[in-house]
Structure formats: structure tokens, C-alpha cells
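K.L.:
coords please:
(one chain, ligands or ions: 1)
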Amino acid sequence: MANRRAFEIAFVGLKPGAHEFSYGLNDKFFIEKGAEDFTNATANVKLTLEKNTGFMRLKFEIDGKAGVTCDRCGNPLQIDLWDEFKMLVKLVDDPEVMNEQEEDPDVQYISRNESHLDVSDWLYEFSMLSVPMQKSCGEDEAGESKCNKEVLAKLREMEERTIQNDNSSNTLWKGLDQFKKN
Ligand SMILES: [Zn+2]
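P.N.:
Down below sits the predicted model:
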């Protein structure tokens with residue numbers, strides 16, 4: 001991890017006010033952080049850090065792309081990562097206690113003695129949160145699903161077979177009940 005420092009901001013040396021940072025994240029970064037079902041991801045993140053006395057406001061603007069698979073048919077898909085996240089970082093005497101008590105996930109406490117802020121976890125987390133919840137092939141101009149029809153047909157076939165199996169086991173159980181009653 002030779003480039004770990006690349007994600008550390010030495011905020012102590014910054015003047016009060018807004019500062020801009022930009023991070024180019026590649027596939028290697030995401031894989032090292034533990035991303036799954038995610039290929040060829042790249043993201044550019046613009047981070048604006050506003051330094052104040054005792055606290056900092058951070059704004060992350062995510063702009064990227066990643067390869068995922070369709071939830072319905074498993075086709076490979078290219079999706080856009082596009083979102084904005086805000087964090088409030090407060091400098092306090094007892095950050096551990098404060099972090100434990102804080103219910104707002106957008107507020108983080110660090111020690112007053114801290115001089116650096118490692119933003120790599122946030123860069124990863126926020127990029128992941130930019131992935132749409134539902135990933136599907138979508139529709140063409142005619143409103144037809146662009147999913148792989150063969151795969152969908154196969155899935156339907158398998159589903160029907162499962163339903164049939166369930167039915168037959170139900171009949172079996174009914175038969176057993178009948179037997180017990182007699
Ligand atoms: Zn699909």
C-alpha cells in the first residue's frame with residue numbers, strides 16, 4: 001500500500017475556507033477495498049473540504065462508470081456512478097465515545113490532536129452508494145425490455161418447474177394428512 005498517503009489530507013496545514021481535491025479511482029482501488037460484482041470501475045471524485053474552527057464540511061461529487069450485471073437476466077451492463085454526498089467532521093476530545101453515540105451517519109468525530117484525514121473509506125463507500133439499487137438492461141425506444149430473452153425464458157421455465165414441484169409436494173402432504181386422520 002505505497003499510495004495510502006494519497007488519500008490522506010493534511011488538513012492542519014490548510015487555511016480556513018474551501019479547498020478542492022480530486023481523486024481518480026480505478027478498478028484496483030475498488031478491488032482492494034473489497035468491491036464485488038463490479039468490474040472495470042473508474043470514478044473521478046471531486047472533494048470540497050471547507051475548513052472551519054472545530055469542524056470541517058466535506059462534499060463528495062462522484063462521477064464514474066462501472067460494469068455490473070443485470071438483476072433480471074445477468075447480461076453485462078455499463079452503469080453510471082453519479083451522486084453527491086456530504087459529511088460533517090467534528091474535532092473533539094473523545095471521538096470514540098462521540099462516534100458511538102452519534103446516530104447521524106453523515107457526522108463523524110475525530111480527535112482534536114489529529115492532523116490528517118484519511119478519506120479512502122468514504123471515497124469507496126460513496127462510490128458504492130452511487131450504484132443504482134436496481135440494475136437492469138432497461139427498455140428500448142419501443143418500450144421493449146432489452147434483457148436477454150433466452151435467459152429470461154429459461155428462468156421462467158425453471159420457475160414453473162419449481163412451482164410444479166411445490167404443488168406435487170403439497171398433494172403429497174395432503175395425502176399424508178388424510179392417512180393420519182384415518
Ligand atoms: Zn437484463
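K.L.:
chain neighbours aside, what residue packs nearest to Lys15?
P.N.:
Lys51 (7.1 Å; Cβ to Cβ, 6 or more residues apart in numbering). For the C-beta atoms, the positions are set from N, CA and C on the backbone; glycine is no exception.
K.L.:
for the protein, what lies in contact range of the ion?
P.N.:
70, 72-73, 75, 137, 147 (Cβ under 5 Å from the ion).
K.L.:
just those residues: which are in helices?
P.N.:
Using DSSP state H, the subset of the residues of the chain next to the ion located in helices is empty.
K.L.:
of the residues you listed, keep whichever come out buried.
P.N.:
70, 72-73, 137, 147 (16 or more other Cβ atoms under 10 Å).
K.L.:
got those residues as TSV, with pLDDT columns?
P.N.:
Compiled in TSV, these are given as follows (pLDDT from 0 to 100):
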residue	pLDDT
Cys70	93
Arg72	90
Cys73	92
Cys137	92
Cys147	93
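K.L.:
one step back: contacting residues around the residue nearest to Lys15?
P.N.:
The contact partners of Lys51, by Cβ atoms under 8 Å, 6 or more residues apart in numbering, come to 11, 14-19.
K.L.:
which of these count as buried?
P.N.:
Burial by neighbour count, 16+ other Cβ under 10 Å: within the contacts of Lys51 this picks out Phe11.
K.L.:
go through stretch 39-55 and flag the buried ones.
P.N.:
By 16+ other Cβ under 10 Å, the buried positions in stretch 39-55 come out as 41-43, 45, 47, 49, 51.
K.L.:
can you tell me which of the residues you listed are in strands?
P.N.:
The strands, defined by DSSP state E, take in 41-43, 45, 47, 49, 51 from those.
K.L.:
next secondary structure after the helix or strand that contains Val97?
P.N.:
Taking DSSP states H and E as the definition, Val97 sits inside helix 95-101. Toward the C-terminus, helix 95-101 is succeeded by strand 107-111 as the next helix or strand (DSSP H and E).
K.L.:
quick check: the nearest residue in space to Glu20 that is not next to it in sequence vs Phe126, distance?
P.N.:
Distance criterion Cβ to Cβ, 6+ apart; nearest residue to Glu20, sequence neighbours excluded, is Thr48 at 5.6 Å. Computed with Cβ to Cβ, to the nearest Å, the distance linking Thr48 and Phe126 is 13 Å.
K.L.:
what about the helices in the protein?
P.N.:
With helices called from DSSP H, the chain shows them at 27-32, 95-101, 120-129, 149-181.
K.L.:
average pLDDT for the strand ranked longest in the chain, rounded please.
P.N.:
Looking across the chain with DSSP E, the single longest strand is strand 76-92. Averaging pLDDT along strand 76-92 gives 95.
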